[in-house]
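Q: Structure here, sequence nowhere to be found:
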C-alpha cells in the first residue's frame, strides 16, 4: 500500500527523515509516581546498604542520586534542587520517611601522653569519639506504599479513608469498600445534571448507600446540585486557593466511579449501565480493570500496616471486580474460569439449582449441555435474505401464496435445522466436558 500510495510514501519518508524531539523527563510532574516514589524507593534501598554508604548523610545520598537522573541533565540545576527539596519535604510531612540522628564511632586515635595533660585530652577525646550524622529512614507507611506499589501521593490521599474504615467499615450496600478501591483519578465523562438523579435513585433502591455517602464520605446533595450550574474545571491550576476545591471535586468524581463499580459487582448488564450513566463499554471495562488492580494493591497496603480485618474485606472484592459478579456466584466462576463460566452463565446455573462446585460435579454431561444450550443466545448461521423478506411481506399483505414451499425444500430446511441443532448440542457437550 505504501509503494502504491504517493501520499503515504511521503508521510513515511517524512517520519523517518524528520527531526524528532528528544525524550524529556517528567519526574517533576508526577509521571510514574514522580520524584516522591523515586526517592522513597531509593531511601529504602539505601537503608539496606547502610554499610556501603557509611559516611554519607541522608540528604547527600538523595542529592547524589538525583544527579544521575535525566531530569538533572535536561533542566536547570536550581530547579531540580527545588523539585528535590519539595519531594523530600512531602515525604517527611506525610510520614513516609523520617530523619534519624546516628552517632558513628570514629577510628581510635594515637595514645595520649600520661599526666594531667593526658586527663584533659581524654575528656575532649571522649566528646569527639562519636561523629553525628543524619539518615533518612522509611516508616511503616512508607514500607506499605513500597510493597503495594501505590505512589506516595495516592497513598497519602487514600490513607485517611482507610484509617476511618479500619475503625468502622460499612459492608451493607457494598458502597464503602468499593469507594476505598476506586481509582483516585477518573477518566469518566460526568454529566452533573444526571449525577444527582442517579444518586437519588440509588439511595431509594439501597437506603444504606445514603447513610454511608452522607455520614461517612461526606457527599453533599447541595454541592452536587451546585455542580449542575457551575461545573468544576477538570484541569485546575496550582493556585493554593483551588487545592481544597480540587480535592473535593476529586472526591465527588471518585464517588461517581464507585457507583459504576457497584453496578459491575451487582452483575448489571453492561448495555443497561451504558445507557443509564451515558458511558461507553470501553470506559466501563477500563474502570473495572483499574479498580481490580487497585483493590489488590490496597489489600497489600493494608496487610503491611497490620490491618487484617480490612485486608480480608478488600481481598473479598478482588474477584468480584475481576469477574463482575455477585459474591454467591464466585465459587462457580473460580472453578471453571471467567472465559467458560461468565457471570450470565453462572447466574443461569445458580437459578437452576447448581449453587456450588459439588453441585457442578454431580451433574452429567447431558444435563450441563442442556443448561448451556438454554443459556446461549441464538445466532442464525444463514444470512437474512432481503428478497425473501420482501416477498413474504407482500404475500402477507395480499394473502396470496406466490412462492409456496414444495416438499423437497421443506425436507431440506428441516435437515438444515437438525444439523444446526446437532452442531449446537455437540458444542454444548464439548463445553460441558470442559466444565
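A: Perfect, I can see it now. From a predicted model like this one, the values you see are computed outputs, not experimental measurements. Numbering: from 1, shown residues only.
Q: Report the contact partners of residue 277.
A: 194, 198, 259-260, 263 (CB atoms under 8 Å, 6 or more residues apart in numbering). The C-beta positions use only the backbone N, C-alpha and C, and glycine is treated the same way.
Q: any chance of those in a markdown table, with secondary structure, distance to residue 205 and neighbour count too?
A: Output for the contacts of residue 277, formatted as a markdown table (DSSP: H, G, I helix; E, B strand; the rest coil; distance: CB to CB, whole Å; neighbours: other CB atoms under 10 Å):
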| residue | secondary structure | distance to residue 205 | neighbour count |
| --- | --- | --- | --- |
| 194 | helix | 16 | 14 |
| 198 | helix | 11 | 17 |
| 259 | helix | 11 | 20 |
| 260 | helix | 15 | 23 |
| 263 | helix | 11 | 20 |
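Q: And the residues you listed, which is closest to residue 33?
A: Taking CB to CB as the measure, residue 260 is the one of the contacts of residue 277 closest to residue 33, at 25.4 Å.
Q: right, and the closest one touches residue 188 too?
A: Yes - using CB atoms under 8 Å, residue 260 makes contact with residue 188 at a distance of 7.0 Å.
Q: all strands for the stretch 51-200 of the chain, in order.
A: For the stretch 51-200 of the chain, the strands defined by DSSP state E, counting those that start in this stretch cover 97-105, 130-138.
Q: Flag the shaky bits of the stretch 151-300 of the chain, pLDDT-wise.
A: The stretch 151-300 of the chain contains residues with pLDDT under 70 at 233-245.
Q: for it, what spans make up the helices?
A: 152-167, 175-180, 192-205, 207-211, 221-229, 243-265, 270-277, 281-304 (DSSP state H, counting those that start in this stretch).
Q: Now render those helices as CSV, adding distance to residue 79.
A: CSV is the format used below for the helices of the stretch 151-300 of the chain (distance: least, CB to CB, whole Å):
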stretch, distance to residue 79
helix 152-167, 20
helix 175-180, 37
helix 192-205, 38
helix 207-211, 47
helix 221-229, 36
helix 243-265, 21
helix 270-277, 43
helix 281-304, 32
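Q: Return the residues in contact with residue 33.
A: 151-153.
Q: Among these, which one sits closest to residue 45?
A: Of those, the one sitting nearest to residue 45 (CB to CB) turns out to be residue 152, at 15.7 Å.
Q: ok so, going back, show me whatever sits in contact with both of residue 260 and residue 188.
A: 279, 287.
Q: What residues of stretch 282-302 count as buried?
A: 283-284, 287-288, 290-302 (16 or more other CB atoms under 10 Å).
Q: who's in contact with that stretch?
A: Residues outside stretch 282-302 that contact it (CB under 8 Å, 6+ apart): 144-145, 147-150, 155, 158, 162, 166, 178, 180-183, 186-189, 257, 260-261, 264, 270, 273-274, 310-311, 314-315, 317-318, 321-322, 324.
Q: And stretch 208-228, by the same measure?
A: Applying CB under 8 Å, 6+ apart, the external contacts of stretch 208-228 come out as 161, 164, 170, 172-173, 175-176, 179, 192-193, 195-196, 199, 202-203, 248, 251-252, 255.
Q: Just the buried subset of those, please.
A: Here, 16+ other CB under 10 Å leaves 161, 170, 173, 175-176, 179, 192, 195, 199, 202-203, 251-252, 255 buried among these.
Q: First residue to last residue on stretch 136-143, what's the distance there?
A: 13 Å (CA to CA, to the nearest Å).
Q: Which one of the helices of the stretch 151-300 of the chain lies nearest to residue 359?
A: Nearest to residue 359 among these is helix 243-265 (23.1 Å), distances taken as CB to CB.
Q: Which secondary structure elements does that closest one sit against?
A: helix 175-180, helix 192-205, helix 221-229, helix 270-277, helix 281-304, helix 308-323 (3 or more CB pairs under 8 Å, 6 or more residues apart in numbering; DSSP states H and E).
Q: Can I have the buried ones of the contacts of stretch 282-302 as a ChimeraX selection?
A: Command for ChimeraX that selects the buried part of the contacts of stretch 282-302, burial taken from 16+ other CB under 10 Å:
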select :144,145,148,150,155,158,162,178,180,181,182,183,186,188,257,260,261,264,270,273,310,311,314,315,317,318,321,322,324
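Q: so what does the helix or strand containing residue 39 touch, helix or strand wise?
A: Using DSSP states H and E, residue 39 falls within helix 34-48. Applying 3+ CB pairs under 8 Å, 6+ apart, one finds that helix 34-48 makes contact with helix 58-66, helix 77-93, strand 130-138, helix 140-148, helix 152-167.
Q: I would like the residues contacting the fourth one, please.
A: The reference is to helix 140-148. By CB under 8 Å, 6+ apart, helix 140-148 touches 37, 40-41, 43-44, 91, 94-97, 138, 151-152, 155, 159, 297-298, 300-302, 304-305.
Q: run the last query once more with 10 Å
A: Helix 140-148 is contacted from outside by 33, 36-37, 40-41, 43-45, 91, 94-98, 136, 138-139, 150-156, 159, 162, 294, 296-307, using CB atoms under 10 Å, 6 or more residues apart in numbering.
Q: what does stretch 40-48 give?
A: So stretch 40-48 is contacted by 33, 35, 52-53, 56, 58, 61-62, 65-66, 87-88, 90-91, 96-97, 100, 135-138, 142-143, 145-147, 151-152, 155 (CB under 10 Å, 6+ apart).
Q: now swap in stretch 87-100 and tell me
A: So stretch 87-100 is in contact with 27-28, 30, 34-40, 43-44, 47, 57-59, 62-63, 66, 133-146, 152-153, 155-157, 159, going by CB under 10 Å, 6+ apart.
Q: Mind checking which of the residues you listed are buried?
A: Buried among those by 16+ other CB under 10 Å: 27-28, 30, 34-40, 43-44, 47, 57-58, 62-63, 66, 133, 135-136, 138, 141-146, 152-153, 155-157, 159.
Q: Surely residue 315 touches residue 307?
A: No - counting by CB atoms under 10 Å, residue 315 sits too far from residue 307 to count as a contact (11.7 Å).
Q: now the helices and strands packed on helix 243-265 in TSV, with distance to residue 358?
A: Shown next, in TSV, are the helices and strands packed on helix 243-265 (distance: least, CB to CB, whole Å):
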stretch	distance to residue 358
helix 175-180	29
helix 192-205	34
helix 221-229	47
helix 270-277	31
helix 281-304	28
helix 308-323	19
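Q: Out of those helices, the one nearest residue 349 is which?
A: Across the helices and strands packed on helix 243-265, residue 349 has its closest neighbour in helix 308-323 (14.0 Å, CB to CB).
Q: what is the mean pLDDT for that closest one?
A: For helix 308-323, mean pLDDT rounds to 88.
Q: by contact count, what packs against that helix?
A: helix 152-167, helix 175-180, helix 243-265, helix 281-304, helix 330-336, helix 343-351 (3 or more CB pairs under 10 Å, 6 or more residues apart in numbering; DSSP states H and E).
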